[in-house]
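> Sequence unavailable; structure follows:
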């Protein structure tokens, strides 16, 4: 079993939960952050996953999380920035607040965690340490309805390059950029068919492909500053 845990932000549901549980299956200790208490967390705790509540919508909340993280562990094998907020754009008075929240979740939280948790990565006795940013396919093309989301995910993608250069050669920093990976419970067959048609692979693959991508980065000692596209060939359509 890995002596130093892997941190996954936003790890209580969907892709984050799948990766956290698979990592435990593979013998790793895992710490996750979560925004709201939910039933799934009880099952994750029973499996030995450490859960830390976090509010990344303010700088104070981010710094509070970092302080509590440091009381929980003295080292980290990797940090996976998976926390995300899929808020649509608005023309109302709250438009600025929405953009600010997305900026804090997608950019400021990873930025501050990368800076302040470096000492935890440096303390890991294993030969490889990683930071992995979960970005999005939409970074390549923008979005008519989620411009703030796309812009802040693009900022996270750029932070990958900066931190990769800053932390080399001791820490590898990469990104994973998925397109649609999973359907929501309420999605009907018409929506599913439309989703499948957007990629050359004509499928909605499920979360396993993200774990495969995560494992590739965690297991490869010679990759840094790279964004790994997991989009089924959408750029070919």
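Ah, there it is. Since the structure is predicted, the reported quantities are computational estimates derived from the model, not experimental observations.

> number of nearby residues for residue 116?
As a burial measure, residue 116 scores 16 neighbours (other C-beta atoms under 10 Å). Any C-beta I mention is one placed from the backbone N, CA and C, and that applies to glycine too.

> I should have written residue 42 there, sorry.
Neighbours of residue 42 (other C-beta under 10 Å): 10.

> Would you mind giving both backbone torsions of it?
phi -60, psi -40 (degrees, to the nearest 10).

> Tell me how far it lies from residue 51.
9 Å (C-beta to C-beta, to the nearest Å).

> Next: residue 151.
30 Å.

> Could you give the separation of stretch 32-41 from the chain centroid?
15 Å (C-alpha atoms, centre = their mean, to the nearest Å).

> quick one: average confidence on it?
Taken as a whole, stretch 32-41 has an average pLDDT of 95.

> Give me the buried positions along that stretch.
For stretch 32-41, the neighbour count (16 or more other C-beta atoms under 10 Å) marks 32, 33, 34, 35, 41 as buried.

> what's near enough to touch the residue nearest to residue 138 when sequence neighbours are not counted?
Ranked by C-beta to C-beta, 6 or more residues apart in numbering and with sequence neighbours excluded, the top spatial neighbour of residue 138 is residue 150, at 4.7 Å. Contact partners of residue 150, counting by C-beta atoms under 8 Å, 6 or more residues apart in numbering, are 136, 138, 139, 142, 143.

> What of residue 15?
Residue 15 neighbours (C-beta under 8 Å, 6+ apart): 82, 134, 178, 181, 182, 207, 210.

> And those residues, which of them are buried?
82, 134, 178, 181, 182, 207, 210.
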